[in-house]
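Enquirer: Pasting the sequence and the predicted model now:
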Protein chains: 2
Amino acid sequence: MLTFVGLGLYDERDITLKGLEAIRSAEFVYLEEYTSRLGGCNREKLEGVFGRKVLPATRTDIENDPEEILRRAASSDVVLLTGGDPMSATTHIDLRLRAHDRGIKTRIIHAPSIFTAVAGITGLSSYKFGKSATISYPWGERGVISEVPYDTIKINRAHGLHTLLLLDISNGRCMRIHEALKILSMLEEKRDEGVVDNLLFVGVARAGSEDMTVKAGDLETLMHFDFGPPLHVLVAVGELHFIEHEALVKFAGLKGDL
Amino acid sequence: MLTFVGLGLYDERDITLKGLEAIRSAEFVYLEEYTSRLGGCNREKLEGVFGRKVLPATRTDIENDPEEILRRAASSDVVLLTGGDPMSATTHIDLRLRAHDRGIKTRIIHAPSIFTAVAGITGLSSYKFGKSATISYPWGERGVISEVPYDTIKINRAHGLHTLLLLDISNGRCMRIHEALKILSMLEEKRDEGVVDNLLFVGVARAGSEDMTVKAGDLETLMHFDFGPPLHVLVAVGELHFIEHEALVKFAGLKGDL
């Protein structure tokens, strides 16, 4: 059996009791850290807390050559750990399909995810979030920037909806809020459709931790705000209900007159 | 301090280690069951597992007269338990704001939520879900039906996006998938905009449990499918990537030729 177990938001204590049981009864435990990562602990710490060997799984191990994982899962209980809720990153569905095709039973043990938690953290209504998007680092020699986040904000904004913007993890580098805002500014310069103009943002750093930072403001304000270490996410705010506005003032330091 | 603790999807083992610690160190533990409820356990079972008295909190206790909870939270550690991830239901933000206004510290301990888990369960991409909506029971003498779900599906569908439809809990009655589909049909009859025509749905019953049921098909198929006991949710499917289609065929019994 192949069990996808989510580690939740921040550290080793964000896993569920079901997840912990699955780890403790598994013969092989893998951890991938390329779709998400825990800000509050690493593989070594997980090994100590769980009392189990935790094997690293790279993107290649999972996407290109999952032979070892699948071979083991065919005759043993294998757990694949991921930050957040498993399968939120689209990459793991392929592994689940491959396992299914070989007759290997699969199971998902869910965990807290920023996709849902961001509503509680910011005080924004979960029913008013539209489609999410990821802001990626520019790629290739010409530094191409994906315009998906720009289009996503544009559509959501047209319907008064908020947009959760996840920030890229690339080669172990976790994008910060000021980098993400810079990229949005560059997209605005290119597209010139006013999508980012007069837009209110909420930045969240280290969601789920004791020293989480939440700050609302315009692009200029957040660009110069010190959010501290990653992980960071950003919300492009749509129309605000007055309760949401009150929550941003009280829990995210929004200036009341905005 | 007032700590909002999520219980997750199904039973007492869907809570995180952090949530469990918060319960064990609290002086008063309340459970509300009107925004969500655990299909796999009740208040008495939670008391047994957590080794703590769990006090019931009604909608009135939280929305109209939260005096007892707030008074206790001013001088003690109080935990409010909710199914899913706390604050996904908009009702609790008001309690958090009231606590803040009295100088009471608040904290959220996140948990698995159907808002995110539904992507992993169905194999649909979490990036392709638009705004969510709740299908409510008709209310009043004239049986008025909220048209919000219809409009939400309409907008999402226009952008190729999936829609998570949460089903009403009212007076302890949990809406089933066939009831929800009936309501959507009635809305289609009234609005006549073809939003529900040729629409593909995925129904999920008892998410997070060992006997979870996931079934994809058209309205007619799901209307007559036996999903068993609640909780139920429904997804109105948008445009399918071929990997999502494959996942629905393999994990949700979709007929391959749809």
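Expert: Nice, I can see it. Numbering: from 1, shown residues only, chains lettered A, B, ... in the order given.
Enquirer: okay, CA-based contacts and neighbour counts for the rest of this
Expert: Fine.
Enquirer: Against residue A:47, how distant is whichever residue of chain A sits closest to chain B?
Expert: Nearest residue of chain A to chain B, counting by C-alpha to the nearest C-alpha: residue A:16, 3.9 Å away. From residue A:16 across to residue A:47, the span is 16 Å (C-alpha to C-alpha, to the nearest Å).
Enquirer: Next, count neighbours for the nearest residue to the residue of chain A closest to chain B once chain neighbours are set aside.
Expert: In this structure, residue A:16 finds its nearest non-sequential neighbour in residue B:16, 3.9 Å apart by C-alpha to C-alpha, 6 or more residues apart in numbering or on different chains. Residues near residue B:16, counting by other C-alpha atoms under 10 Å in any protein chain shown, number 31.
Enquirer: Kindly export whatever helix or strand residue A:68 lives in (C-alpha atoms) in CSV.
Expert: Per DSSP states H and E: residue A:68 is located in helix A:67-75. Only the C-alpha atoms of helix A:67-75 are listed here, as CSV (Å, rounded to 0.1, in the frame of the first residue of the first chain):
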residue,chain,number,x,y,z
GLU,A,67,10.3,2.5,-9.5
GLU,A,68,11.8,2.1,-6.0
ILE,A,69,8.8,3.5,-4.2
LEU,A,70,6.3,1.5,-6.3
ARG,A,71,8.3,-1.7,-6.0
ARG,A,72,8.3,-1.4,-2.3
ALA,A,73,4.7,-0.3,-2.1
ALA,A,74,3.7,-3.5,-4.0
SER,A,75,4.7,-5.7,-1.1
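Enquirer: List the buried residues for that helix?
Expert: By 16 or more other C-alpha atoms under 10 Å in any protein chain shown, the buried positions in helix A:67-75 come out as A:69, A:70, A:73, A:74.
Enquirer: what helices or strands is it leaning on?
Expert: On a contact count with 3 or more C-alpha pairs under 8 Å, 6 or more residues apart in numbering or on different chains; DSSP states H and E, helix A:67-75 meets no helix or strand.
Enquirer: Tell me which helix or strand comes right after it.
Expert: According to DSSP H and E, the helix or strand after helix A:67-75 is strand A:78-82.
Enquirer: Just the angle for that following strand relative to helix A:67-75, thanks.
Expert: 130 degrees (axes from the mean of the first three to the mean of the last three C-alpha atoms, to 10 degrees).
Enquirer: ok, residues contacting strand A:78-82?
Expert: A:1-7, A:22-23, A:26-33, A:35-37, A:69, A:72 (C-alpha atoms under 8 Å, 6 or more residues apart in numbering or on different chains).
Enquirer: Stretch A:200-216: end-to-end distance?
Expert: Here the two ends of stretch A:200-216 are set 7 Å apart, with distance taken as C-alpha to C-alpha.
Enquirer: do it and chain B meet?
Expert: Yes. Against chain B, stretch A:200-216 shows contacts by C-alpha under 8 Å from any C-alpha of the partner chain at residue A:208.
Enquirer: out of the contacts of strand A:78-82, which are buried?
Expert: Buried, going by 16+ other C-alpha under 10 Å: A:1-7, A:22-23, A:26-33, A:35-37, A:69, out of these.
Enquirer: For the stretch 101-250 of chain A, which segments are assigned as helices?
Expert: A:114-122, A:148-158, A:177-191, A:219-223, A:242-251 (DSSP state H, counting those that start in this stretch).
Enquirer: Next, format these as TSV and append mean neighbour count and distance to chain B.
Expert: Shown next, in TSV, are these (neighbours: other C-alpha atoms under 10 Å in any protein chain shown; distance: least, C-alpha to the nearest C-alpha, whole Å):
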stretch	mean neighbour count	distance to chain B
helix A:114-122	24	5
helix A:148-158	20	9
helix A:177-191	18	18
helix A:219-223	17	23
helix A:242-251	18	7
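Enquirer: Quick check: which of those is nearest to residue A:107?
Expert: helix A:114-122 (20.6 Å; C-alpha to C-alpha).
Enquirer: Let me see the mean pLDDT of the closest one.
Expert: For helix A:114-122, mean pLDDT rounds to 96.
Enquirer: For it, which helices and strands make contact with it?
Expert: So helix A:114-122, by 3+ C-alpha pairs under 8 Å, 6+ apart, packs with helix A:242-251, helix B:114-122.
Enquirer: how about 6 Å then?
Expert: When contacts are defined as 3 or more C-alpha pairs under 6 Å, 6 or more residues apart in numbering or on different chains; DSSP states H and E, helix A:114-122 sits against none of the other helices and strands.
Enquirer: Leaving out sequence neighbours, find the closest residue to residue A:117.
Expert: residue B:110 (6.4 Å).
Enquirer: any idea how far the residue sitting furthest away from the middle of chain A lies from residue A:1?
Expert: Distance from the centre of chain A peaks at residue A:75, with 31.9 Å (C-alpha atoms, centre = their mean). Separation of residue A:75 from residue A:1 (C-alpha to C-alpha): 7 Å.
Enquirer: cool, residue A:143 as well?
Expert: Plainly put, residue A:143 is 42 Å away from residue A:1 if you go by C-alpha to C-alpha.
Enquirer: So in chain A, where's the weakest helix or strand by average pLDDT?
Expert: helix A:59 (a mean of 86; mean pLDDT, DSSP states H and E).
Enquirer: hang on, the earlier thing: my guess is the residue nearest to residue A:16 contacts residue A:15. True?
Expert: Yes. Contact criterion C-alpha atoms under 6 Å: residue B:16 and residue A:15 qualify, at 5.2 Å.
Enquirer: re earlier: looks like the residue nearest to residue A:117 contacts residue B:87 (just checking).
Expert: No. Contact criterion C-alpha under 6 Å: residue B:110 and residue B:87 do not qualify, at 9.1 Å.
Enquirer: more crowded one of the two?
Expert: Set residue B:110 next to residue B:87 and count neighbours by other C-alpha under 10 Å: residue B:110 wins out with 33 against 28.
Enquirer: So for that one, what's the pLDDT?
Expert: If you check residue B:110, the pLDDT there is 98.
Enquirer: now do residue A:87
Expert: 87.
Enquirer: Go ahead and confirm it touches residue B:121.
Expert: No. If you go by C-alpha under 6 Å, residue A:87 and residue B:121 don't touch, sitting 8.5 Å apart.
Enquirer: about what we covered before: ok, the residue farthest from the centre of chain A to residue B:98 distance?
Expert: 54 Å.
Enquirer: and what of residue A:117?
Expert: The value you get for residue A:117 to residue B:98, if C-alpha to C-alpha is used, is 20 Å.
Enquirer: swap in residue A:250?
Expert: Separation of residue A:250 from residue B:98 (C-alpha to C-alpha): 11 Å.
Enquirer: just residue A:237 next, same as before
Expert: 23 Å.
Enquirer: go on, residue A:77?
Expert: Distance from residue A:77 to residue B:98, by C-alpha to C-alpha: 47 Å.
Enquirer: So these two - more neighbours on which side?
Expert: Under the criterion of other C-alpha under 10 Å, the comparison of residue A:77 against residue B:98 puts residue A:77 first, with 19 against 15.
Enquirer: Report the contact partners of the more buried one.
Expert: Applying C-alpha atoms under 6 Å, 6 or more residues apart in numbering or on different chains, one finds that residue A:77 lies in contact with A:1, A:26, A:27.
Enquirer: tell me which of those is nearest to residue B:227?
Expert: residue A:1 (24.9 Å).
Enquirer: pLDDT score for the residue nearest to residue A:16?
Expert: At residue B:16, pLDDT is 98.
Enquirer: got a pLDDT number for residue A:40?
Expert: 90.
Enquirer: Which secondary structure state is assigned to it?
Expert: Look at residue A:40: counting by DSSP: H, G, I helix; E, B strand; the rest coil, its state is coil.
Enquirer: so who does it touch?
Expert: The neighbourhood of residue A:40, defined by C-alpha under 6 Å, 6+ apart, consists of A:10, A:11.
Enquirer: For residue A:122, see how far away it is.
Expert: Taking C-alpha to C-alpha, one finds residue A:40 at 20 Å from residue A:122.
Enquirer: Ok, residue A:59 next?
Expert: Residue A:59 is 32 Å from residue A:122, by C-alpha to C-alpha.
Enquirer: same check, this time on residue A:237
Expert: 10 Å.
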